[in-house]
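Asker: coordinates only, sequence not included:
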C-alpha cells in the first residue's frame, strides 16, 4: 500500500501547480484586455472591459471552489487511509517495545526478562515491599526526627510511608531482579499510545537503575546528596528516553482504543520537602541529561554512569561544575569523636545544595534561598537526642566555594534562625563579629562564620548544658 503521507504531498503539489496556472491565465487575460483598450477609449469601452473582467473573475472563483471541493474530498480520503493503516497494524508486545527502546537508547535486559502483566495494586505492593526491604522502621524514624531538627519539615510524619508513596508515583512497571521478571500494568493496553508510554516509563526506569548498579542504600544512604545526584541521573535519563520514544512512536493516533492506563496514585502522605526532592530528581535530572545529550548523545549519557554526579550542585550547574575540567569535587566533611554528653548522634548525613536551599526556602523567597545556597562546596550535619518534648540538638558544618558565598549563607541563615524560632532581635546576639549567638533557656544558637576558611557552622541546642558539651566537642570539627 502506498504511503498516505506521500500521496498527500503529491496532491498538495498538484493543487499548487493548478493554482499557479490559474493565476497565470488570469494575469495574461487581464494584461491582454488592458492592451486592447486604448488610453483614449471612451466610457463604453471601459464598461465593456470591467464587465469582461468580472465575468473572468466569476469563472476563476467557480474553478477555485471546485478545486477546494476536490481537495476536501482528497483530505477526507487521506484521513480514512490513515485510520485504515492504523487499524491494520498489529498490537506490539512487550518484547517489540523493548526492542525499539533498545534501538533508540541502547539499554536492554540480558537475558530478556519474563514479561508479566499485573494489576496496578500488585505493582504498587511490590514497590512498597522494595522500599521497606531497604529502609527499616528504626532508620525511617531517625530520618523523620532529624528532618524536624534540621528544619526540613515542621511537623512529625511517617517517613517510611512518605518515601513509599513517592516511589509508587512511578508505577509504569516493576523489575524483580531476583526472578528476572518485569511486571507491567495489564490495564494499560499496548494498542494505545499512552499505554505504551506507561510501559516504556516503567521499563526505562528499571533499565537506567540497572545500568547505574544502584545499591540497596537508595532509601537510606550515608550521603543523601550523593544519592540524590545519582537518582537524578537515573530518573532524568529514564524521562528523557521515554519522551524521545513517545515522540518517535509510529502508532500515535490511537488514543480512542480501549485500555487507557489508570491514573497514578496521589502522594498525599509525603511532606513538601520530600516532594521537592523527588521533583528535583525528575525535573532537574531531565535537564541535566539534556545537557549531556547535547555534548554527544547517548554516548555522553552513558559516560556519566562511569563517573556519575556526586552532588545536587552538579545537577544544578552541569556546565560549570560537572562538565568542568576537572569535574567539581565536594569537600569532604567528617566529625571525629562525636560522643557528646555520653550520647552518640542518632543520625548524621549531608544536606547538599538542594537540602540547604530547602532549609532556607521555608523562610525566604526563591531568589534569596537560591542566592544563599549557590556556592555550596560540602557539608555534614549530626543530630543528638534532646529531652522529651524539648527537641533535639544539631551541629551543621557547611563549606563554600568562595568567602563571599560563605558570607551570603551566614547572613541569610541568621535571618532564618530568627524567624524559625521567633527570636526578637537583641544587640547581644550580634555582639561578636562573624557570630550570631543566642543564649535562651530553651534555645542556644551558635552561628559562626569563618570567612578565611570559607566555612559556616551552626550549633542549635534546646538546653544550655547539652549546648556547652556540644560546643566543647565541636572545637575540633
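Answerer: Now that the structure is in, tell me what you want to look at. Just so it is clear, the structure is predicted and the values come from calculations on it, not from any experiment.

Asker: residue boundaries of the strands in this structure?
Answerer: Under the criterion DSSP state E, strands of the chain are mapped to 114-118, 173-176, 181-185, 347-349, 376-384, 393-400, 435-440, 443-450, 455-461.

Asker: Can you say which of those strands is nearest to residue 325?
Answerer: Among the strands of the chain, the nearest to residue 325 by CB to CB is strand 376-384 (17.7 Å). Every residue, glycine included, has its C-beta placed from N, CA and C.

Asker: Which other helices and strands does that closest one contact?
Answerer: Using 3 or more CB pairs under 8 Å, 6 or more residues apart in numbering; DSSP states H and E, the elements in contact with strand 376-384 are helix 137-150, strand 347-349, helix 352-361, strand 393-400.

Asker: In CSV: those, plus mean neighbour count, distance to residue 234 and mean pLDDT.
Answerer: Shown next, in CSV, are the helices and strands packed on strand 376-384 (neighbours: other CB atoms under 10 Å; distance: least, CB to CB, whole Å; pLDDT from 0 to 100):
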stretch, mean neighbour count, distance to residue 234, mean pLDDT
helix 137-150, 18, 21, 98
strand 347-349, 20, 20, 98
helix 352-361, 25, 16, 98
strand 393-400, 24, 27, 98
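
Asker: Tabulate those (TSV), appending distance to residue 261.
Answerer: Written out in TSV, the entries for these read as follows (distance: least, CB to CB, whole Å):
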stretch	distance to residue 261
helix 137-150	30
strand 347-349	36
helix 352-361	31
strand 393-400	43
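
Asker: domain ranges for this protein?
Answerer: Domain segmentation of the chain under automatic domain parsing yields 4-88, 94-322, 347-476.

Asker: Turn these into CSV, including distance to residue 336.
Answerer: Formatted as CSV, those follow (distance: least, CB to CB, whole Å):
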stretch, distance to residue 336
domain 4-88, 67
domain 94-322, 16
domain 347-476, 6
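
Asker: Would you single out the least confident of those?
Answerer: Between the domains of the chain, the one with the least mean pLDDT is domain 4-88; it has a mean of 64.

Asker: Now residue 434: closest residue in space that isn't a chain neighbour?
Answerer: residue 449 (4.1 Å; CB to CB, 6 or more residues apart in numbering).

Asker: Tabulate the strands of the chain (TSV), appending distance to residue 420.
Answerer: What follows is the strands of the chain, written out as TSV (distance: least, CB to CB, whole Å):
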stretch	distance to residue 420
strand 114-118	46
strand 173-176	40
strand 181-185	43
strand 347-349	19
strand 376-384	15
strand 393-400	12
strand 435-440	11
strand 443-450	10
strand 455-461	9
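
Asker: among these, which is nearest residue 202?
Answerer: If you check each of these against residue 202 by CB to CB, strand 173-176 wins as the nearest, at 2.4 Å.

Asker: mind checking which of the domains of the chain is nearest residue 334?
Answerer: Among those, domain 347-476 comes nearest to residue 334, with 6.7 Å by CB to CB.
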